[in-house]
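Engineer: just the structure for this:
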Amino acid sequence: MMAQELKAFLNKDKIEAGCDEAGRGCLAGPVVAAAVILPRDFSHPLLNDSKQLTEKQRQKLRPIIEEHAIAWAVSIIDNVEVDEVNVLNASIIGMQRAVEQLEKTPEHLLIDGNKFKPYKDIPHTCIVKGDAKFRSIAAASILAKTHRDELMEQYAEQYPGYSWEKNKGYPTKAHRQGIEKLGATPLHRQTFRLLDTQLKLNL
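Structural biologist: Residues are numbered from 1 along each chain as shown. Next comes the predicted model:
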């Protein structure tokens, strides 16, 4: 779907916040969620689902979104909490916390995906592949992804050997080789299958 096809809103008479997360499929690091309220007339030729953009494009869009948004917020659910509540609940909790931090209270939430739990008394709509359909969700996907990538690059310096600066914690061959050689770090999700040969590694 081309960026210009993204819809500006679902309900034209309500203040809408788009919500999305990044990092659900990672073996290490947090789930990062974002909520964004955009002006109705906001548009940018590059704006799209973050997965359809290059890292350079995402980095270019991030400050533009943060500057022009009516409100935006990012929340971080660390790997310990991900293990405690499971990754789906971590994603939902993360989006709820991001909404809670918004300086302006939205009247409707646009949620990327098909699962969410009501937050306070704010109505919500779940939209599968919403980050490729609505501008506010696309913006949230970009903020969640860029903020998380930045964290993982910092963690890569703290824990070298896992190629997090490149894979950002996703289960690549280099990441799994790092786990085989060095073991798990305190940032690895212990409830995830870190290696094909075992379900869990002990620290």
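
Engineer: in the protein, which spans are strands?
Structural biologist: For the chain, the strands identified by DSSP state E occupy 16-22, 31-37, 71-77, 108-112, 124-127, in order along the chain.

Engineer: for these, give me TSV that also has mean pLDDT.
Structural biologist: Converted to TSV, these look like this (pLDDT from 0 to 100):
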stretch	mean pLDDT
strand 16-22	98
strand 31-37	98
strand 71-77	98
strand 108-112	98
strand 124-127	98
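
Engineer: run through the helices of the chain in chain order.
Structural biologist: When secondary structure is read from DSSP state H, the chain shows helices at 55-68, 79-85, 87-101, 135-158, 164-167, 173-182.

Engineer: got CSV for the strands of the chain, with distance to L10 too?
Structural biologist: The C-beta positions use only the backbone N, C-alpha and C, and glycine is treated the same way. Compiled in CSV, these are given as follows (distance: least, C-beta to C-beta, whole Å):
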stretch, distance to L10
strand 16-22, 6
strand 31-37, 13
strand 71-77, 17
strand 108-112, 6
strand 124-127, 6
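
Engineer: closest to Q101 out of those strands?
Structural biologist: Between Q101 and these, the shortest gap by C-beta to C-beta is with strand 71-77, which sits at 3.6 Å.

Engineer: tell me what angle that closest one forms with helix 55-68.
Structural biologist: For strand 71-77 against helix 55-68, the angle between stretch directions is 120 degrees (axes from the mean of the first three to the mean of the last three C-alpha atoms, to 10 degrees).

Engineer: can you list contacts of strand 71-77?
Structural biologist: Contact with strand 71-77 is made by 17, 30-37, 65-66, 90-91, 93-95, 97-104, 139-140, 143-144, 147, 151, as judged by C-beta atoms under 8 Å, 6 or more residues apart in numbering.

Engineer: please spell out the PyMOL selection for the buried subset of the residues you listed.
Structural biologist: Selecting only the buried entries of these in PyMOL, with 16 or more other C-beta atoms under 10 Å as the criterion:
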select buried, resi 17+30+31+32+33+34+35+36+37+65+90+91+93+94+95+97+98+99+102+139+140+143+144+147+151
